[in-house]
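Undergrad: Let's see this in three dimensions:
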Amino acid sequence: MLLNIPYLSQHTAATDPYWKPRACAIVCIKLVGDFMFPGSMPSVDDLIHEGETVGGFSARGWRHDYLAILLRNHGVLAYNQEYRTADAAQAPQYVPSVFTEQFLEAALLKIIHEIKAGRPVIVSVPGKQGLPTETHMVVVLGIEERDGRVLGLYCHNPDTQSPEEGRNVFISIEDFLSGWRRFCLYVES
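TA: Modelled structure (predicted):
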């Protein structure tokens, strides 16, 4: 199953050279907003300006709660959810708690449910460098199943120079779960 969402590259949709490498989240917002309500979203440049104006960008990147606000500002009911856990006994070092796997399974089931219901999901994944501080966002818009088992997800990756590279990229479930940063931005119709 694959939702029919047009593709945008952050490198062509954002015109300011400063924002081109920082616009993945905003491009995802535009893609999802326009999918939910065609033509409802302003340009990527205007969304960047709006996001800055409301305090949505920080030194660490785009703040997840403000990404939901940007969608809501344009009529799309949206909410963010994070599935991370932390074992307090291991603090200050971050170690996931015993509930991590349980929440991970529930989150994956919810992502699959949302796609089957016709609603894309924005997720946070590692950036190109794969470093803990390098984050990136993509739009999950499809699933591949065989014999009732989900083999992988399809996404639009806005951090490419050509649509052929970034449109409908397949990620195996194993690769998704190993790299996914446990954040989702959901929309409702």
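Undergrad: Contacts for the lengthiest strand in the chain next, please.
TA: Among the segments of the chain that qualify as a strand by DSSP state E, the longest is strand 135-146. Residues outside strand 135-146 that contact it (CB atoms under 8 Å, 6 or more residues apart in numbering): 1-3, 5, 24-25, 28, 31-32, 61-62, 111-112, 115-116, 120-128, 150-159, 168-170, 181. (Glycine included, C-beta is placed from N, CA and C.)
Undergrad: cool, stretch 28-40 as well?
TA: Residues contacting stretch 28-40 (CB under 8 Å, 6+ apart): 3, 5-8, 13, 41, 43-44, 47, 67, 70-71, 74-76, 78, 119-120, 122, 137-139, 156, 158, 185, 187, 189.
Undergrad: Mind checking which of those residues are in strands?
TA: Among the contacts of stretch 28-40, the residues falling in strands (DSSP E) are Ala78, Ile122, Met137, Val138, Val139, His156, Leu185, Val187.
Undergrad: what's the closest non-adjacent residue to the second one?
TA: Put plainly, it is Ile122. The shortest distance from Ile122 to any residue that is not its chain neighbour, by CB to CB, 6 or more residues apart in numbering, is 3.9 Å, and that residue is Leu185.
Undergrad: Mind pulling the model confidence for the one you found?
TA: According to the prediction, Leu185 has pLDDT 92.
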